[in-house]
Structure formats: C-alpha cells, structure tokens
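> next input, structure requested:
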Amino acid sequence: MNRRHLPTLAAMQCFEASARHLSFTRAADELSLTQSAVSKQVAQLESILEHPLFRRVRKRLQVTPEGSLYLTEVRKVLAQVEMSTRYMQSYGGQSEVLNVTTLPTFGARWLIPRLNGFRFRHPNVYLNISNRVEPFDLEEERVDVAFFFGHGVWPKAECLKLLDEEVVPVCAPSALPEAGIKDPLALTQLVLLQNATRPEAWHDWFEAQGCYTSHSYHGPRFDTFYMAMQAARAGCGVALVPRFLAEEELQSGQLMIPWSFSLVSNSSYYLAYPEHKGEVCKVKGFIEWILEHLESPTKIAGPQRPCIPATEDG
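This is a model prediction of the structure:
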C-alpha cells in the first residue's frame, strides 16, 4: 500500500476515542480537538478503508461490524506505539525498564513472591512483566529475560536451569467418593481436567504406572494451571499440575492429592536472556537476584546498593 494511503496516528486516535465514547464531541474533548476535526479525521479514515466505521441511530453513534473489527486492530497499534514510546523514554536514562516474560501460573506463584525487595537493590530498574506461552524471538520482542518450561534451548540465548517439576493429581476433598481411590484409573470417574499446553500430561501420568485409559484426553480444557486448579477447587474434576504450583491450596486443605503417585517431568523451568545482554547491569542484576532466591522468597527490610544503569547497547 502506498504510504500516502495509510491512516495517520491522529486519525486512529480519533476513531478509537469516538468508538469508546460513541460520541465525536466527547472524543474531541478528550483529545483537545474540535468536534469537526474529529469527525473529519474519521471520515478520512473511512475513505481510506472504503468501509463505514459508524452509523447514526436515533442521533447517536453506533459502531458498524467493520468498525468493530478495525477497532480491535487499532487498539493493538496504539498500545504498541505507547509501549514503544515508554521504552524509548527510559532507554539509557537513570530509570530503565527490564522486560520480563513468564508463564502465567509460574509467574504468579513462583516468580512474583521472589521479587520482594528487588526494587531496593535496584531502585532505577522498573520491571515490565508479561505472560507468554508460545515461543517467540527475544530480540524481535525486545525481551530481556524470559522464564520458560522446556529442555533449556532457546535460539540466540543463554539458558539457566532453575528447577525441575513433579506433577500430581489434585482435587477438592468433597470430590472424592467416600470409599476413596483404590487405583489411578478410578480418577477418570471424577473428570480429568486438561491443560491446553500439556495435552499429553494425563496419558504420560497413567502410562508411567502401567495404566491405559481412553479418557486420557477427555475433559474440560484450560489455558493455564491456575484455571485448572480453580476448576478442581470448585469440584469440577481432578487436575494434573506441578506440585509446587499447588502448594498453597494443598497446605490450606482446599485441594488434596487423591492418588500419591507423582511423575517427574522430562523438562524443567529455565531462565533465558539474549546472548549479548549477559553483562548488561539490569539483566545481570536481575539474574543474580533470581539465583539468590531460588529456594524460597526472602523478606527484605530496606534499601540496598543500587544497580548501575545499562549503556546504550543494553
């Protein structure tokens, strides 16, 4: 597409604000523009797209189906522009952003508790933590540190092993029959809760005990271990999860292990960082902190020595 026919950022901002408020006037107030200026920007956008973005219904704006589709994409673009701008504002300055990605439940249950006190040692480093499940390129995504589950291999990255895992079945105490569970196959009667990222999990768990069932792949499917554990707590069935992620519920009695066999996974949890960033202060400082707190979170009482900001290469 000829760049002259690409919409401007201003036009997208006017469209997004108008769609959010369903009013050109309120969008104009938010953007400190006139109502006619906002209306003109949206009209130019519709001309470029060759699709109507709004229609008037009883003197009120209503987003068209085409407008709803485009709105989703525009919001992604605006969010990316904002994130990139914030990143550049902190680049090479006294305050630096450290972009970290993690697996959802691992991040919430294992990583976050270990970050207490990091800000005292490195007051100029601001953590930007997001969830990522699918593989991605560290450099293209501008990620400084990534936590992942696998075999310790990531293209163009150094990987450090953090911990192994063993998976166990968990369910609500009320879900168990009064007679209890006499063999692992009896769990299939409780509904096997599936994790979308570990489709072979139940099959492998049963197979390790010399058992086979056609129900290994049957059951409600969840994106994260947290959701599967919540479903198990609610009595929806039995989930197969890493024991360390369910420790809180196991200790409180909200969940229990109905069959004691645990399977050690053939993969582990790793920390990865771009090869050329190993000596960048913000990255090095974060990695050192994580390695110091591998075993358990530590309570930090006060400020410690700050980290030296990275150079422009970092």
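> quick one, what contacts the spatially most central residue of the chain?
When C-alpha atoms, centre = their mean is applied to the chain, the residue found nearest the centroid is Asn131 (1.6 Å). Listed by C-beta atoms under 8 Å, 6 or more residues apart in numbering, the contact set of Asn131 reads Thr101, Thr102, Leu103, Pro104, Gly107. Any C-beta I mention is one placed from the backbone N, CA and C, and that applies to glycine too.
> if you set the cut-off to 6 Å instead, what comes out?
Pro104 (C-beta atoms under 6 Å, 6 or more residues apart in numbering).
> domain map for the protein?
According to the TED database, the chain comprises the domains 9-90, 96-164+268-293, 166-264.
> can I get those domains in a markdown table with mean pLDDT?
Formatted as a markdown table, the entries for the domains of the chain read as follows, by pLDDT from 0 to 100:
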| stretch | mean pLDDT |
| --- | --- |
| domain 9-90 | 93 |
| domain 96-164+268-293 | 93 |
| domain 166-264 | 95 |
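> how about the strands of the stretch 1-150 of the chain, start to end?
54-57, 60-63, 96-102, 125-131, 145-150 (DSSP state E, counting those that start in this stretch).
> format those as TSV; extra columns: distance to Glu166.
Below are the strands of the stretch 1-150 of the chain laid out as TSV (distance: least, C-beta to C-beta, whole Å):
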stretch	distance to Glu166
strand 54-57	55
strand 60-63	50
strand 96-102	20
strand 125-131	23
strand 145-150	13
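> so which of those strands is nearest Ser216?
For those, proximity to Ser216 was assessed by C-beta to C-beta; strand 145-150 is nearest, at 20.4 Å.
> now the angle from the closest one to strand 96-102?
10 degrees (axes from the mean of the first three to the mean of the last three C-alpha atoms, to 10 degrees).
> just checking, what packs against strand 145-150?
Under the contact criterion of 3 or more C-beta pairs under 6 Å, 6 or more residues apart in numbering; DSSP states H and E, strand 145-150 touches strand 96-102, strand 268-274.
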